[in-house]
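Q: coords please:
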Amino acid sequence: MLKIFALTFWLINVIKMWLFQSISPLERNSKSNPPGREYKPFVALLLQKREIALILLSAVILQTALILAGLKGWQCPIHSTLGIPCPGCGLSTAMALFVQGDWQSAIHSHAFAPVFLFAIVIMGMVSILPETLHRKAVLQIALIEKHTAFAAYILWGIMIYWIFRLFIFYL
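A: Next up is the predicted model:
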């Protein structure tokens, strides 16, 4: 189990380094955070590069469309190889159920589906904005993210939810 956690965190870091290697850091405001509370924005960096955001958005829309059409879509490589669900297993099915209006089944499939559906909508809206509005939206999201660290809380919440689901699944 610890090997899976280590592999997951290593994979997240590798993907993050690969995605953001060519992105310039966002403007910093020295008065924005009290000392000791400096959070690096993750979502804003993702939105800063339109191409990356649009590729991710297209992949999510395609996966959801495949599931809505009754096809399997892309299978989870962690679940396929290791036989255990990853933290995101069931998320695309849950988002497809949300789109269909079956809220109860969607929450049962993955509790974080509303959060990711909201994030996808925001990502889509910010990605198609004109350049000046896009830059302002990204900076505003970075400021909110620095003050609240919502991406870190969502990541921790998903990991706790995943561990809970693993214990329920294997009991």
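Q: Could you identify the helix or strand that succeeds the helix or strand harbouring I52?
A: According to DSSP states H and E, I52 maps onto helix 50-68. Per DSSP H and E, helix 50-68 leads on to helix 77-82 as the next helix or strand towards the C-terminus.
Q: still on that earlier bit, which strands and helices sit next to the helix holding I52?
A: If you count contacts as 3 or more C-beta pairs under 8 Å, 6 or more residues apart in numbering; DSSP states H and E, helix 50-68 packs onto helix 43-48, helix 91-100, helix 113-127. All C-beta spots, glycine's among them, are computed from the backbone N, C-alpha and C.
Q: and L139, which of these is closest to it?
A: helix 43-48 (7.5 Å; C-beta to C-beta).
Q: Return the alpha-carbon coordinates of that closest one using CSV.
A: What follows is helix 43-48, C-alpha atoms only, in CSV (Å, rounded to 0.1, in the frame of the first residue of the first chain):
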residue,chain,number,x,y,z
VAL,A,43,-4.4,25.6,-10.9
ALA,A,44,-3.5,29.1,-12.0
LEU,A,45,-0.2,27.8,-13.5
LEU,A,46,-2.3,25.2,-15.4
LEU,A,47,-4.6,27.9,-16.7
GLN,A,48,-1.8,30.2,-17.5
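Q: Which pLDDT value belongs to the residue nearest the centre of the chain?
A: Nearest residue to the geometric centre of the chain (C-alpha atoms, centre = their mean): F116, 6.2 Å. Per-residue pLDDT puts F116 at 89.
Q: so it touches L91, yeah?
A: Yes. Using C-beta atoms under 8 Å, F116 makes contact with L91 at a distance of 6.1 Å.
Q: least trustworthy helix or strand in the chain by mean pLDDT?
A: In the chain, no helix or strand scores lower on mean pLDDT, DSSP states H and E than helix 2-20, which sits at a mean of 59.
Q: circling back: what residues are up against the residue nearest to the centre of the chain?
A: 91, 95 (C-beta atoms under 8 Å, 6 or more residues apart in numbering).
Q: What distance do you get for it to V60?
A: As for F116, its distance to V60 is 8 Å (criterion: C-beta to C-beta, to the nearest Å).
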